[in-house]
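A.B. asks: Below are the sequence and a predicted model for it; my questions follow.
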Amino acid sequence: MMHRPHHAFGLCLAIVIVLSSLIWHPEHSQADGPKEYQIKVAFLYHFATFVDWPSSTYKDTDGHLRICIMGKDPFGESLDATLRTKKIGSHPLEIYRNPSTTTLKHCHMLYLAAAQSSQLRTYRQQYGSANVLTVGENDIFIQHGGMIKFFLDDQKVRFAINPDAINKTNLKVSSKLLRLAKIISP
């Protein structure tokens, strides 16, 4: 597991905690505060800061950390606007929407829209225990081997982690992220 400077970790942890406590009200306008998927974009970024990928996973992406979105993109412009200039360590972020099969196998993080959740099983059959952090939003996703699932709890965006799925890879997830999550298994 990579060690991060204590002050930077503390800042990231504080941001994750604040984001996890934000309340999302569907009836609010943009001016009232962040919407559900804006909050989820921030979570995606912070998930990446708490996960270490094997260095070999960067050779096919020119050193970039690749976030892939399968299905209809619920994030819209906020994903690009928020992550455009961000880096995880020395790795600039790049976003691929509905990547080809060749590109898909080089994703570091794969977000599957709800309608794509059942495709995770097919992906796992094709690529085995690839070092890809999978993120989704429904129980089918977890049942098919998904790793992190978003859910709403009392109108707050929360996340659950399936450590069994993560343990089948060479990803190293910070215990600090695990402490913030609801732990689930299929």
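C.D. replies: Nice, I can see it.

A.B. asks: how about the helices in this structure?
C.D. replies: Using DSSP state H, the helices assigned to the chain run over residues 6-21, 36-49, 77-83, 101-104, 120-127, 139-143, 163-166, 175-180.

A.B. asks: Which of these sits closest to T61?
C.D. replies: Counting by CB to CB, T61 lies closest to helix 101-104 out of the helices of the chain; the figure is 9.3 Å. (Glycine included, C-beta is placed from N, CA and C.)

A.B. asks: For the closest one, could you pull out the residues that count as buried?
C.D. replies: L104 (16 or more other CB atoms under 10 Å).

A.B. asks: Average the pLDDT values over that helix and round to the nearest integer.
C.D. replies: Taken as a whole, helix 101-104 carries a mean pLDDT of 82.

A.B. asks: who touches it?
C.D. replies: Contacts with helix 101-104, where a contact means CB atoms under 8 Å, 6 or more residues apart in numbering, come from 66, 68, 70, 96, 110, 123, 126-127.

A.B. asks: Among these, find the lowest-pLDDT one for me.
C.D. replies: Among those, Y127 has the lowest pLDDT, at 72.

A.B. asks: Could you report the separation of that one from K105?
C.D. replies: Distance, Y127 to K105, by CB to CB, to the nearest Å: 6 Å.

A.B. asks: returning to that earlier point: between the contacts of helix 101-104, which is nearest Q116?
C.D. replies: Nearest member of the contacts of helix 101-104 to Q116, counting by CB to CB, is M70, at 4.6 Å.
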